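Asker: Structure for the following, please:
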Amino acid sequence: MLESFKSAFKVSELRTKLLYTLGMIFIFRLGAHIPVPGVIPERFAELVNSGAIFGFFDIVSGGALKNFSVFAMGIMPYINASIILQLLTVVIPHLEKLHKEGEEGRKKISQYTRYLTVVLAFIQGIGMVVGVSGSMQNPGPIAFVMAALTITAGTTFLMWMGEQITERGIGNGISLLIFAGIVSRLPSGAASLGEYLSAGTINIFSLIVLVIIAALVIACVVAVQEGQRRIPVRYAKRVVGRRVYGGQTTHLPLRVNQAGVMPIIFASSLLMFPETIVNMFQGSAVATFYSTYLGWGSAAHTIIYALLIIGFTYFYTAVVMNPNDVADNIKKYGGFIPGLRPGRPTAEFISKIMSRVTFSGAIFLALIAILPTFVLMATKIPNIYFGGTSLLIVVGVALDTMKQVESHLLMRSYQGFIK
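Answerer: Next up, the predicted model:
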């Protein structure tokens, strides 16, 4: 990996892309420390520290949520808007038609996603500001609207930054912004562990167990992210004029973790909503009941969280990869799976294999998401927000980015038959 980065800075075009990406990440980190006018960040930080789900979103936003900065909502409204548009593509014929039109259709869907992001960001911003009205200096309708517009503008700017990184930089811009937010919290997390160790809250054995668990999780994440089930596909020979095409054997790769980290983020967003509402009624019987039986770390919360992740994994995978479309494309180009007829039998076979592979990926995502609960039980280290989900995002983004860097280097160093 280090050799690839050294080689990347020797290529002028790739060096420009890397520097542009780093510059955008620097702006993102700078904006995470610009507070929203009229809000007292210290009071809001107490609310963030009260719930582990808030802690997770604070890590994803790189501390912007805890500081209640202009980037307090991070890029989450854009992710939610993207998921909603992808789900609606299956339901609304117009969106499905745009999805099949190629590049122009995808541009139109991206435009709809931007509009929906602004709407969701403003609604979420209003709810966030009203919910933390006690953290504002002069609470009132005008102050609420101004604060909501400020953080909505921050989310819109992050959305633009992510698209610019994808177009002019290296890697996926949205993923890199989340990656930067998580990695930026590592120094403060290490400092907190040092404070716990010096104060005697934890011992060196707990720290060693934490490091071993982190190493095992990273190894498992890499294995699952790279894991594939390859279905062999053969293409019949075709004679066009005097030339013969086809007659080759390839494979259809079905990834174990086809949905990525999206099911975890979507499930976390759903579970964050009732916790946000309950925090508005601190001290009431409903709030006490929720924190006792349904709060983070409870058995019911853990089970619901895992079931939501498994359900969203299946749903998101079905939206991203339709077996009928895959079977039609194989048939269109003269391909077939050995032992199966093209068309419906091929689609049913792909669907059956994809269900089995997705089950493994869904169980893995659920275990990764609830990992902090078991780590807390094993190490007794409080406030472990940098758990399996964060490692999944960091490792996945790092692998994808390095693959893009290596593909650029391979394209420029490939000599082929010239040498």
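
Asker: I'd like to know how many residues surround residue 167.
Answerer: Counted with other CB atoms under 10 Å, residues neighbouring residue 167 total 9. All C-beta spots, glycine's among them, are computed from the backbone N, C-alpha and C.

Asker: And it, how far from residue 99?
Answerer: According to CB to CB, to the nearest Å, residue 167 and residue 99 sit 21 Å apart.

Asker: Measure how buried the nearest residue to residue 88 once chain neighbours are set aside is and give me the count.
Answerer: Excluding the flanking residues, the one nearest residue 88 by CB to CB, 6 or more residues apart in numbering is residue 95, at 5.6 Å. Per other CB under 10 Å, the neighbour tally for residue 95 reads 19.

Asker: With the one 10 residues further on instead?
Answerer: Other residues lying near residue 105 total 15 when counted by other CB under 10 Å.

Asker: ok, now residue 125?
Answerer: 25.

Asker: How far off centre is the helix or strand harbouring it?
Answerer: For residue 125, the element it lies in under DSSP states H and E is helix 103-131. On the basis of CA atoms, centre = their mean, to the nearest Å, helix 103-131 sits 17 Å off its chain's mean C-alpha point.

Asker: Show me which residues of it are buried.
Answerer: 109, 113, 116-118, 120-122, 124-126, 128-129 (16 or more other CB atoms under 10 Å).

Asker: Adding pLDDT and distance to residue 81, write those out as a markdown table.
Answerer: Listed next are these as a markdown table, based on pLDDT from 0 to 100; distance: CB to CB, whole Å:
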| residue | pLDDT | distance to residue 81 |
| --- | --- | --- |
| 109 | 85 | 11 |
| 113 | 89 | 5 |
| 116 | 90 | 4 |
| 117 | 90 | 4 |
| 118 | 91 | 9 |
| 120 | 87 | 6 |
| 121 | 87 | 9 |
| 122 | 88 | 12 |
| 124 | 81 | 11 |
| 125 | 81 | 14 |
| 126 | 80 | 16 |
| 128 | 76 | 17 |
| 129 | 78 | 20 |
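
Asker: Any chance of CSV for those, columns distance to residue 299?
Answerer: Conversion of the buried residues of helix 103-131 to CSV gives the following (distance: CB to CB, whole Å):
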residue, distance to residue 299
109, 40
113, 37
116, 36
117, 35
118, 39
120, 32
121, 34
122, 36
124, 29
125, 33
126, 34
128, 29
129, 33
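
Asker: nearest to residue 193, of those?
Answerer: Among those, residue 128 lies closest to residue 193 (CB to CB), at 29.7 Å.

Asker: Let me see the mean pLDDT of stretch 185-196.
Answerer: The average pLDDT within stretch 185-196 is 77.

Asker: One more: stretch 216-228?
Answerer: Per-residue scores along stretch 216-228 average to 83.

Asker: Pull the residues that contact it.
Answerer: Stretch 216-228 is contacted from outside by 253-257, 361, 364, 368, 371, 388, 391-392, 395-396, 399, using CB atoms under 8 Å, 6 or more residues apart in numbering.

Asker: again, only using 7 Å
Answerer: 253-257, 361, 364, 371, 388, 391-392, 395-396, 399 (CB atoms under 7 Å, 6 or more residues apart in numbering).

Asker: do stretch 328-347 as well
Answerer: Here stretch 328-347 makes contact (CB under 7 Å, 6+ apart) with 231-236, 238, 246, 323-324, 327, 349.

Asker: who wins for neighbours among these?
Answerer: That'd be residue 327 among the contacts of stretch 328-347, by other CB under 10 Å, with 25 neighbours.

Asker: Let me know whether that one touches residue 350 as I believe.
Answerer: Yes - using CB atoms under 7 Å, residue 327 is in contact with residue 350, at 6.2 Å.

Asker: Which member of the contacts of stretch 328-347 is positioned nearest residue 70?
Answerer: residue 323 (43.5 Å).

Asker: The residue nearest to residue 88 contacts residue 84, doesn't it?
Answerer: No - in this structure, residue 95 is not within contact of residue 84 by CB under 7 Å, at 10.7 Å.

Asker: Now residue 366. Nearest residue, chain neighbours left out?
Answerer: residue 306 (4.0 Å).

Asker: Could you double-check that the one you found lies in contact with residue 368?
Answerer: No - taking contacts as CB under 7 Å, residue 306 lies outside contact range of residue 368: 10.3 Å.

Asker: Which of these two has more residues huddled nearby?
Answerer: Between residue 306 and residue 368, residue 368 has the larger neighbour count (other CB under 10 Å), namely 23 against 18.

Asker: Just want the most central residue of the protein.
Answerer: residue 261 (4.5 Å; CA atoms, centre = their mean).

Asker: buried residues in the helix or strand harbouring residue 225?
Answerer: For residue 225, the enclosing helix or strand under DSSP H and E is helix 204-226. Residues of helix 204-226 classed as buried: 206-207, 209-210, 213-214, 217, 220-221, 224-225 (neighbour count, 16+ other CB under 10 Å).

Asker: now these as CSV including distance to residue 409?
Answerer: Listed next are those as CSV, based on distance: CB to CB, whole Å:
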residue, distance to residue 409
206, 42
207, 38
209, 39
210, 35
213, 34
214, 29
217, 29
220, 28
221, 24
224, 26
225, 21
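
Asker: wait, which of the residues you listed is closest to residue 138?
Answerer: So of these, ranked by how close each gets to residue 138 (CB to CB), first place is residue 210, at 43.7 Å.

Asker: And this protein, what are its domain boundaries?
Answerer: 1-185+390-419, 201-384 (automatic domain parsing).

Asker: Tell me how many other residues crowd the residue lying closest to residue 169 once chain neighbours are set aside.
Answerer: For residue 169, ignoring the flanking residues on the chain, the nearest one in space by CB to CB, 6+ apart is residue 21 at 3.6 Å. Neighbourhood size, residue 21 [other CB under 10 Å]: 21.

Asker: What of residue 390?
Answerer: Residue 390: 26 neighbours (other CB under 10 Å).

Asker: if I read this right, it contacts residue 181, doesn't it?
Answerer: No - in this structure residue 390 lies outside contact range of residue 181 using CB under 7 Å: 9.6 Å.
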